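Chemist: Curious how this folds, go ahead:
(one chain, ligands or ions: 1)
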Amino acid sequence: MSKLADTGVVLAGVRKSFASLDVIHGIDLEIAEGSFVVFVGPSGCGKSTLLRMIAGLEEVTDGEIEIKGRNVTDLDPSERGIAMVFQSYALYPHMSVRENLAFGLKMARTAAAEIEARVKAASAILKIDHLLDRRPGQLSGGQRQRVAIGRAIVRKPDVFLFDEPLSNLDAELRVSMRIEIARLHRELGNTMIYVTHDQTEAMTLADKIVVLRDGRIEQAGTPRDVYENPANVFVAGFIGSPRMNLLQATWSGGGTLSIAGTVIPGPIASGKLSAGERLTFGVRPEHFIVAEAAAQTLRARVDFFEYLGGTQYLYCQLDDGQTVIAEHRSSLTIGAGDIVHLASEMSKRRFFDADGRRLAD
Ligand SMILES: Nc1ncnc2c1ncn2[C@@H]1O[C@H](COP(=O)(O)OP(=O)(O)OP(=O)(O)O)[C@@H](O)[C@H]1O
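Modeler: Now for the predicted structure:
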């Protein structure tokens, strides 16, 4: 197993099966100390299971987990130097906020003065000092989540684990708590591993996004990397909302490819392609520009126009029936039934081979 001095958490060949169901198929991942790593992926891909194995709440079927250079694979959760924050908050309803914060420390036989000092410090960081004598039932959802995070902070863990901590909050609270968590990471500097369904949380919080599918890593990289340079069609379609347009294209052989009758220059890594081969042409909605008809523009009929205030989306159909979403920023009025011509810059075009793997563009 790797022993990088600055590596906070290392997963090596980690597998998980529930009876005959294999859900994690051998994950190798290094999480640098102090970094913020976010696991994303479709429902059921194994995000929570992976987090729970790092926490020690789920046994590892095979492989090893190392935290701060220690092999913790067979250690109890309490011995791993981690603290986990759950979506459900998991507070004790009959205890006050103060008692909830102190409980884990009491169980660990921490001295009373030390407990008091840590509860005070954590409640100041989270601005919940005025709530210490209330019970969870007397708190709002956002306040409860702060207490749940406070309970993690007082333990002074090496690693914080968050399992969809904000998904029970309304949209506005999610935004403010997301900013709080980013601030917390900056102030505490701990390694944080975070599971979410929320694209914005992943993009804004992560130093590194790990995109999972069916218990395997599809790509791990900075938010910019996974967004701008997706390794395959799956990541291209998963990261970003609305998703990247992924259009069926055919390699024409002479350095060009054809999409719904429009011919554009192909990727430079086209040496391996043979004429007639299918490939996927990817362009994000914000990189399609409504333009004058020209050689490389795609002709499309607008089906639907979505006005969101700051931005507008055109849902269109190409001549061969493929659907396309384009972000429309100009004040030019466009409506359903109109014909538009969509242009894209060379540098914004992405190409994927028939197996969905990225081709150098
Ligand atoms: N205790 C269990 N027993 C059997 N199967 C389980 C158990 N826990 C999880 N699974 C299965 O493992 C797979 C991964 O589940 P997991 O909860 O890790 O996915 P997830 O990516 O976190 O999903 P979601 O985004 O829906 O929370 C799923 O097929 C799930 O049904």
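Chemist: and the longest helix along the chain, what does it pack onto?
Modeler: Counting by DSSP state H, the longest helix found in the chain is helix 171-188. Packing partners of helix 171-188 (3 or more CB pairs under 8 Å, 6 or more residues apart in numbering; DSSP states H and E): helix 141-153, strand 191-195, helix 199-205. For glycine as for every other residue, the C-beta is placed from the backbone atoms N, C-alpha and C.
Chemist: CA atoms only: put the shortest one into PDB for me.
Modeler: As requested, the backbone C-alpha atoms of strand 191-195 are provided in PDB (Å, rounded to 0.1, in the frame of the first residue of the first chain):
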ATOM      1  CA  THR A 191      -9.500  16.100   5.300                       C
ATOM      2  CA  MET A 192     -13.200  16.000   4.400                       C
ATOM      3  CA  ILE A 193     -14.900  13.300   2.400                       C
ATOM      4  CA  TYR A 194     -18.400  14.200   1.200                       C
ATOM      5  CA  VAL A 195     -21.200  12.300  -0.500                       C
END
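Chemist: what angle separates that strand from helix 141-153?
Modeler: Relative orientation of strand 191-195 and helix 141-153, computed by axes from the mean of the first three to the mean of the last three CA atoms, to 10 degrees: 140 degrees.
Chemist: now strand 191-195, how far from the chain's geometric center?
Modeler: From the chain centre to the centre of strand 191-195 is a distance of 11 Å (CA atoms, centre = their mean, to the nearest Å).
Chemist: circling back: of the helices and strands packed on helix 171-188, flag the one that's most buried.
Modeler: Among the helices and strands packed on helix 171-188, strand 191-195 has the highest mean neighbour count (mean count of other CB atoms under 10 Å), at a mean of 26.
Chemist: Quick check: residues of the stretch 1-150 of the chain near the ligand?
Modeler: Contact residues (CB under 6 Å from any ligand atom) of the stretch 1-150 of the chain with the ligand: 18, 21, 23, 41, 43, 44, 45, 46, 47, 48, 49.
Chemist: Of those residues, which belong to strands?
Modeler: 18, 21, 23 (DSSP state E).
Chemist: Next, count neighbours for residue 39.
Modeler: By other CB atoms under 10 Å, the residues close to residue 39 number 25.
Chemist: My guess is residue 296 contacts residue 345. True?
Modeler: No. Contact between residue 296 and residue 345 fails when scored by CB atoms under 8 Å: they sit 10.1 Å apart.
Chemist: In a markdown table: the helices and strands packed on helix 171-188, plus mean pLDDT.
Modeler: Below are the helices and strands packed on helix 171-188 laid out as a markdown table (pLDDT from 0 to 100):
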| stretch | mean pLDDT |
| --- | --- |
| helix 141-153 | 91 |
| strand 191-195 | 97 |
| helix 199-205 | 93 |
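Chemist: Kindly reformat the ones you listed as a markdown table containing distance to residue 88.
Modeler: A markdown table is the format used below for the helices and strands packed on helix 171-188 (distance: least, CB to CB, whole Å):
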| stretch | distance to residue 88 |
| --- | --- |
| helix 141-153 | 9 |
| strand 191-195 | 13 |
| helix 199-205 | 18 |
